[in-house]
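Q: the following block contains a protein sequence and its predicted model.
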Amino acid sequence: MVSMRGIHSRMARRSMYRVTKRTLDILIAGLALVILSPLLVVIAVAIRLGSRGPAIFRQERAGKDSRPFTLYKFRTMRPDVDPFGPSPKSGQDPRLTRLGRFLREHSLDELPQLVNVVRGDMSLVGPRPLYVSQVAEWNDRQRTRLQIKPGLTGLAQISGRGELTREEKLELDVRYVEQASFLLDVRILFATATRVFGAGRIYEKRYSETEQTRGRGPSDDEEDSTRAE
């Protein structure tokens with residue numbers, strides 16, 4: 001039988017973890033925004049010079065407890081295309097601008113989400129934020145991923161990215177929620193620096209265990225070539 005002291009101890013550790021995680025989110029994301037501000041400005045100007053339209057793309061995503069929030073990213077598609085059309089599983093998506101293709105392959109289009117982290121919509125580490133409409137497609141176990149804030153990077157992103165199916169990504173998200181700790185977050189951040197921001201493995205080989213290709217509709221995750229803008 002679990003003692004009350006043990007329960008209180010676990011609750012205290014979880015509370016300390018949440019406070020530490022939020023503090024580090026603000027410090028690291030805030031510092032990154034300051035250090036990377038010249039790069040962010042250069043990218044934004046290059047996007048505007050390369051094609052008409054805004055440099056920042058905004059889209060509603062599901063946050064903690066399914067609460068919607070506005071996600072920010074650099075625009076990578078031409079402004080005159082349908083962002084929700086069928087997407088090829090390669091970097092040859094004709095909707096992408098030349099710069100947009102480069103930004104996606106190196107995950108640089110995700111940098112504006114540092115603002116989401118500072119605002120508290122997201123965390124540095126957690127399940128990637130998906131569409132509000134997708135929540136209805138998940139089972140009870142998969143919805144566990146909504147118990148915490150979505151992240152800029154997560155366990156699925158360092159475990160295969162485009163090589164994983166939707167079900168495999170969701171299972172890794174749930175596994176992260178179950179095992180979340182400061183040490184795991186540090187491991188994911190270090191792995192992200194060496195794996196995610198280098199080009200490769202971002203394009204989906206197979207969307208789902210039951211679906212070989214994606215048809216028309218919103219994408220599963222914005223870090224793959226099938227992601228919608």
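A: Noted; the coordinates are in hand. Residues are numbered from 1 along each chain as shown.
Q: so for the strand or helix carrying residue 33, mean pLDDT?
A: Using DSSP states H and E, residue 33 sits within helix 4-50. Helix 4-50 shows a mean pLDDT of 89.
Q: not counting sequence-adjacent ones, nearest residue to residue 74?
A: With sequence-adjacent residues excluded and distances taken as C-beta to C-beta, 6 or more residues apart in numbering, residue 74 is closest to residue 109, at 4.3 Å. C-beta: built from backbone N, CA, C; applies to glycine.
Q: can you pull the contacts of the one you found?
A: By C-beta atoms under 8 Å, 6 or more residues apart in numbering, the residues touching residue 109 are 73, 74, 75, 76, 100, 103.
Q: please state the offset of stretch 159-179 from the chain centre?
A: Its chain's average C-alpha position is 12 Å from that of stretch 159-179, according to C-alpha atoms, centre = their mean, to the nearest Å.
Q: any idea of the mean pLDDT for it?
A: Per-residue scores along stretch 159-179 average to 88.
Q: over to stretch 123-143?
A: 92.
Q: circling back to that earlier point, on the three-state scheme, the residue nearest to residue 74 is what?
A: Of the three states, residue 109 takes helix under DSSP: H, G, I helix; E, B strand; the rest coil.
Q: what's the separation between it and residue 181?
A: Distance, residue 109 to residue 181, using C-beta to C-beta, to the nearest Å: 29 Å.
Q: from the contacts of residue 109, which two are the most distant?
A: By the measure C-beta to C-beta, 73 and 100 form the most distant pair in the contacts of residue 109, at 10.5 Å.
Q: could you show me where the strands are in this structure, in order?
A: For the chain, the strands defined by DSSP state E cover 56-62, 68-74, 123-125, 151-153.
Q: out of the ones you listed, the one nearest residue 140 is which?
A: strand 56-62 (15.8 Å).
Q: could you say what helices and strands the closest one packs with?
A: Where contact means 3 or more C-beta pairs under 8 Å, 6 or more residues apart in numbering; DSSP states H and E, strand 56-62 is packed against strand 68-74.
Q: sounds good, over and out.
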